[in-house]
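Colleague: Could you work out the structure for the sequence below:
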Amino acid sequence: MSFSRSTPTKLRGDALYEAMRGIGLRLGAPSARLPADLELTLVSAVAEALPRDYRVLGVVVAWLEVHGARVNVPRLVRFAQELCATPLEHAWWSAVGAWLGREDARWRSLTRLHEGEPLDLDDAAITTLQIQRGGEDPRFTGTSLRVYAKLLRSRVEDVDPPALLARRHPLYLRRVQLGANYRADVWAALDETPDATPAEIARRVGCAYATALAVVHDWRLAHEAEGPRAA
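Modeller: Predicted coordinates:
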């Protein structure tokens, strides 16, 4: 049986900003349209914000600081490979991978997205001057991106805390429970559509068919075991 994953489409405009609020970026009133796709929203938000929307980029950085452990990194890598259209986008995600990879090895796979000399997030001359005056942003020092200190404002108050997001976002909650992996993603998709086939779930989630098939079996077994019990 042949099988192919669905091709993601980058979010834009109002749909993007609704999704950004939907994953807990506080850029306006909380979204009522939940859940939003975590990895697709992050990649789309960065693509929209580059090269000069430092407010949005700062909020994305704050979100990654708070919620990075809940990101399905292989899924993010796939979206970045398929949807990032500019060298600066590749350099951004490569730099994020180097930064977060210092503490979490999963993120290091992103560093392969950019080869060559580091790129400047702001104008090259301004970046050089500001680094001389105030130094670099320590999160991005030694990465594929040169960012001077205080360019990106990132405060934890700019994003929903983990417990709140877990209450509002079923997939995020499953990743807290099962880990930031495709098993959690398939489980959450089955919670939403219990009668979906493994192929349908695999296409929706973007995982291998064999992964979806195994989790579907476990999900149904778990629900059978949790069924009505004799008094």
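Colleague: Could you measure from the residue nearest to the spatial centre of the chain over to R146?
Modeller: Residue closest to the average C-alpha location in the chain (Cα atoms, centre = their mean): E39, at 3.2 Å. Applying Cβ to Cβ, to the nearest Å, the value for E39 to R146 is 26 Å. For every residue, glycine as well, the C-beta is placed using N, CA and C.
Colleague: Looks like P162 contacts E65 (just checking).
Modeller: No. Between P162 and E65 there is no contact under Cβ atoms under 8 Å: 11.5 Å.
Colleague: Spell out the residue ranges of the helices in the chain.
Modeller: Applying DSSP state H to the chain gives helices spanning 13-22, 38-49, 54-67, 73-83, 87-101, 124-134, 162-168, 170-178, 182-192, 198-205, 209-225.
Colleague: circling back to that earlier point, ok now do the residue nearest to the centre of the chain, which residues does it touch?
Modeller: Going by Cβ atoms under 8 Å, 6 or more residues apart in numbering, E39 touches 71-72, 75-76, 79.
Colleague: Tabulate the helices of the chain in a markdown table, adding columns for mean pLDDT and distance to A29.
Modeller: Listed next are these as a markdown table, based on pLDDT from 0 to 100; distance: least, Cβ to Cβ, whole Å:
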| stretch | mean pLDDT | distance to A29 |
| --- | --- | --- |
| helix 13-22 | 93 | 7 |
| helix 38-49 | 98 | 17 |
| helix 54-67 | 97 | 15 |
| helix 73-83 | 97 | 26 |
| helix 87-101 | 98 | 27 |
| helix 124-134 | 98 | 34 |
| helix 162-168 | 95 | 13 |
| helix 170-178 | 97 | 19 |
| helix 182-192 | 97 | 24 |
| helix 198-205 | 95 | 28 |
| helix 209-225 | 96 | 34 |
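Colleague: Reformat these as TSV; add distance to R155.
Modeller: Listed next are the helices of the chain as TSV, based on distance: least, Cβ to Cβ, whole Å:
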stretch	distance to R155
helix 13-22	16
helix 38-49	17
helix 54-67	6
helix 73-83	23
helix 87-101	17
helix 124-134	18
helix 162-168	16
helix 170-178	20
helix 182-192	28
helix 198-205	32
helix 209-225	37
